[in-house]
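Engineer: Give me coordinates for this.
(chains A and B)
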2 protein chains.
Amino acid sequence: TIVKLVGEAYYRFSHPQVLAGKQVIVTAGGTQEAIDPVRYISNRSSGKMGTELANAASLLGATVTLVTTRPEVQPLPGIDVVSVMTVSQLQEAVESRFATADVVIMAAAPSDFRVAKPATQKIKKVAGQDELTLQLVKNPDILAGLGQHKKRQFVAGFAAETESLQVNAAKKLNAKNVDLIVANQVGQPTSGFNSNNNAGTMFFKDGQVIELPLMTKSQMALKIVQEIGERLQ
Amino acid sequence: TIVKLVGEAYYRFSHPQVLAGKQVIVTAGGTQEAIDPVRYISNRSSGKMGTELANAASLLGATVTLVTTRPEVQPLPGIDVVSVMTVSQLQEAVESRFATADVVIMAAAPSDFRVAKPATQKIKKVAGQDELTLQLVKNPDILAGLGQHKKRQFVAGFAAETESLQVNAAKKLNAKNVDLIVANQVGQPTSGFNSNNNAGTMFFKDGQVIELPLMTKSQMALKIVQEIGERLQ
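Structural biologist: The predicted structure follows:
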């Protein structure tokens, strides 16, 4: 622990505290949407990237709230952790804290759809019934909502894509009126979900593009948070 | 580690080795069925109960294979771990080892349904499209398959129910031709998924019923495995 404390002190000394005095909200992990009390729809987001972003923001001086579906991925001490499960809970947690925030980084992977009518009891298999149709409805787009209502806040989102990375990221940047989209290609063995490494591209509202070559999620988080901090000066 | 080794030695000494020389397969955790490369359907099974059953069988002298979707829930050293994700993988892992097994305990929660046609690329949200229909098809019933093909093997299954515990368990026992169904009520704050405690009822093929009051999953696993072991003598 001494080593860790000295490490942190050295880190703070050697990295400009570009987020000192700032309130930062980071979201992490994939949400779960119930099918019934037992079954759910989710996605492969592990919460690692979001938690590393919260850590990096804290180390650069910010007061950080981490809204996460994966509280078992523990952030650094001093970070306020809000545990959520569904998109609706995630939305409430972020929107209720948005007015006083300086930066929001949406690294969570909210479910785009939820089950229209979740069953209150476990759905039983019925003999002879070989198919089941699940009717899904669209969830609210939390990131677009923040983009619409933001005043001074710097809002960043992630785009996990399996194809046409750049085109989809640019679309998302404009459609959602946010300040930054970090696009990363998923479905690669070397990076993304559950890996400790990641690679991607930062697309800023002003047109600037910064490549993030393959590195650890911890390094990538620092790079992203530093770039955001410099833009707040 | 010394303490742990001494503890294990004492445990083996104080508990009759009713499974000495037996081959035991235990399955654990909820399976995942892909919707696309990012999204999936799963369930709340944490893999804890199955892993405790594997531990208990090992401590009572068995040679144990744990087929699990949650390898991060680590069993005792000496247990052979096979990591799986889908029902199809779980089925292959169990069936290929069935001929030489003495006991199979199916504590995993296989998805009853899988997505009929998983998408090979991430499904994009389309503006104006507020609904999505997911067509599911029934997965093979692994437990019933084992019941159908079993010779000398003792086959046990679990029934996680939110209602009509006893009726559903008795039905499952007969319909699947297995030797034991352990029924436990889920959706209770004090037991079940992700909790370290559990409660339930054992329904044996011969009509015997044994209540399992609220206890730790580790204690419950020992009780279940002891009962099975005694029936093999």
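Engineer: Please identify the residues of chain A in proximity to chain B?
Structural biologist: A:35, A:37-44, A:109, A:111-113, A:116, A:121-125, A:129-138, A:160-163, A:168, A:186-187, A:193 (C-beta under 8 Å from any C-beta of the partner chain). Quick note: C-beta positions are derived from backbone N, CA and C, even for glycine.
Engineer: and those, which are buried?
Structural biologist: Buried subset of the residues of chain A next to chain B (neighbour count, 16 or more other C-beta atoms under 10 Å in any protein chain shown): A:35, A:37-44, A:109, A:111-113, A:122-123, A:132, A:134, A:136, A:138, A:160-162, A:168, A:186-187, A:193.
Engineer: Could you tell me which of those residues belong to helices?
Structural biologist: Using DSSP state H, the members of those that fall within helices are A:Asn168.
Engineer: What is the neighbour count of A:Ala221?
Structural biologist: Neighbour count for A:Ala221, taken as other C-beta atoms under 10 Å in any protein chain shown: 26.
Engineer: isn't there a helix covering it?
Structural biologist: Yes. With DSSP: H, G, I helix; E, B strand; the rest coil as the criterion, A:Ala221 is assigned to a helix.
Engineer: Strands - which of the buried ones among the residues of chain A next to chain B land there?
Structural biologist: A:Arg39, A:Tyr40, A:Ile41, A:Ser42, A:Asn43, A:Phe113, A:Leu132, A:Leu134, A:Leu136, A:Lys138, A:Ala160, A:Glu161 (DSSP state E).
Engineer: from those residues, which two are the most distant?
Structural biologist: A:Leu132 and A:Glu161 (29.4 Å; C-beta to C-beta).
Engineer: okay if I get the ones in strands among the buried ones among the residues of chain A next to chain B as JSON lines plus pLDDT?
Structural biologist: Shown next, in JSON lines, are these (pLDDT from 0 to 100):
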{"residue": "A:Arg39", "pLDDT": "93"}
{"residue": "A:Tyr40", "pLDDT": "95"}
{"residue": "A:Ile41", "pLDDT": "96"}
{"residue": "A:Ser42", "pLDDT": "95"}
{"residue": "A:Asn43", "pLDDT": "93"}
{"residue": "A:Phe113", "pLDDT": "93"}
{"residue": "A:Leu132", "pLDDT": "89"}
{"residue": "A:Leu134", "pLDDT": "93"}
{"residue": "A:Leu136", "pLDDT": "94"}
{"residue": "A:Lys138", "pLDDT": "94"}
{"residue": "A:Ala160", "pLDDT": "79"}
{"residue": "A:Glu161", "pLDDT": "73"}
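Engineer: of the residues you listed, closest to B:Pro77?
Structural biologist: Ranked by distance to B:Pro77 (C-beta to C-beta), those are led by A:Ser42 at 31.4 Å.
Engineer: pretty sure that closest one contacts A:Phe113?
Structural biologist: No. With contact defined as C-beta atoms under 8 Å, A:Ser42 does not count as touching A:Phe113 (11.6 Å).
Engineer: shared neighbours of the two, anything?
Structural biologist: Residues touching both A:Ser42 and A:Phe113 (C-beta atoms under 8 Å, 6 or more residues apart in numbering or on different chains) are A:Glu33.
Engineer: Tell me the gap between the host helix or strand of A:Val24 and the middle of its chain.
Structural biologist: Using DSSP states H and E, A:Val24 sits in strand A:23-28. Relative to its parent chain, strand A:23-28 has a centroid offset of 8 Å by C-alpha atoms, centre = their mean, to the nearest Å.
Engineer: So what are the sheet partners of it and their directions?
Structural biologist: Take DSSP bridges as the rule and strand A:23-28 pairs in its sheet with strand A:63-68 (parallel), strand A:103-106 (parallel).
Engineer: Mind putting these into CSV with mean pLDDT and mean neighbour count?
Structural biologist: Formatted as CSV, the strands paired with strand A:23-28 follow (pLDDT from 0 to 100; neighbours: other C-beta atoms under 10 Å in any protein chain shown):
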stretch, mean pLDDT, mean neighbour count
strand A:63-68, 98, 26
strand A:103-106, 98, 26
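Engineer: got these as a markdown table, with distance to A:Val84 columns?
Structural biologist: Output for the strands paired with strand A:23-28, formatted as a markdown table (distance: least, C-beta to C-beta, whole Å):
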| stretch | distance to A:Val84 |
| --- | --- |
| strand A:63-68 | 6 |
| strand A:103-106 | 13 |
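Engineer: packing partners for the helix-or-strand element of chain A with minimal mean pLDDT?
Structural biologist: The helix or strand of chain A with the lowest confidence, counting by mean pLDDT, DSSP states H and E, is helix A:2-14 at a mean of 74. If you count contacts as 3 or more C-beta pairs under 8 Å, 6 or more residues apart in numbering or on different chains; DSSP states H and E, helix A:2-14 packs onto helix A:48-59.
Engineer: Flag the shaky bits of chain A, pLDDT-wise.
Structural biologist: Scanning chain A for pLDDT under 70 picks out the ranges A:1, A:162, A:186-194.
Engineer: Quick test: name the residue nearest the centre of it.
Structural biologist: Centroid-nearest residue in chain A: A:Ala107, 1.1 Å away (criterion: C-alpha atoms, centre = their mean).
Engineer: hang on, that one packs against A:Lys48?
Structural biologist: No. Assessed by C-beta under 8 Å, A:Ala107 is found out of contact with A:Lys48, at 9.5 Å.
Engineer: Mutual contacts of the two, please.
Structural biologist: Counting by C-beta under 8 Å, 6+ apart, the residues touching both A:Ala107 and A:Lys48 are A:Ala28.
Engineer: and A:Gln17, what are its phi and psi?
Structural biologist: Main-chain dihedrals, A:Gln17, degrees, to the nearest 10: phi -80, psi 70.
Engineer: got it, and A:Gly21?
Structural biologist: Torsion angles at A:Gly21 (phi, psi; degrees, to the nearest 10) stand at phi 80, psi 0.
Engineer: Find the nearest non-adjacent residue to it, please.
Structural biologist: Of all residues not flanking A:Gly21 in the chain, A:Gly61 sits nearest, at 7.1 Å (C-beta to C-beta, 6 or more residues apart in numbering or on different chains).
Engineer: list the contacts for the one you found?
Structural biologist: A:Arg12, A:Gln17, A:Val18, A:Leu19, A:Ala20, A:Gly21, A:Lys22.
Engineer: Can you tell me the closest non-neighbouring residue to the last one?
Structural biologist: Right, A:Lys22. Per C-beta to C-beta, 6+ apart, closest to A:Lys22 is A:Asp102, 4.2 Å.
Engineer: Wait, that neighbour touches A:Val18, no?
Structural biologist: No. Counting by C-beta under 8 Å, A:Asp102 does not reach A:Val18; the two are 11.5 Å apart.
Engineer: Give the residues shared as contacts by the two.
Structural biologist: A:Leu232.
Engineer: picking that back up, out of the contacts of A:Gly61, which are buried?
Structural biologist: Buried among these (16+ other C-beta under 10 Å): A:Val18, A:Leu19, A:Lys22.
Engineer: On the three-state scheme, the second one is what?
Structural biologist: In the three-state summary, A:Leu19 is assigned as coil, counting by three-state DSSP.
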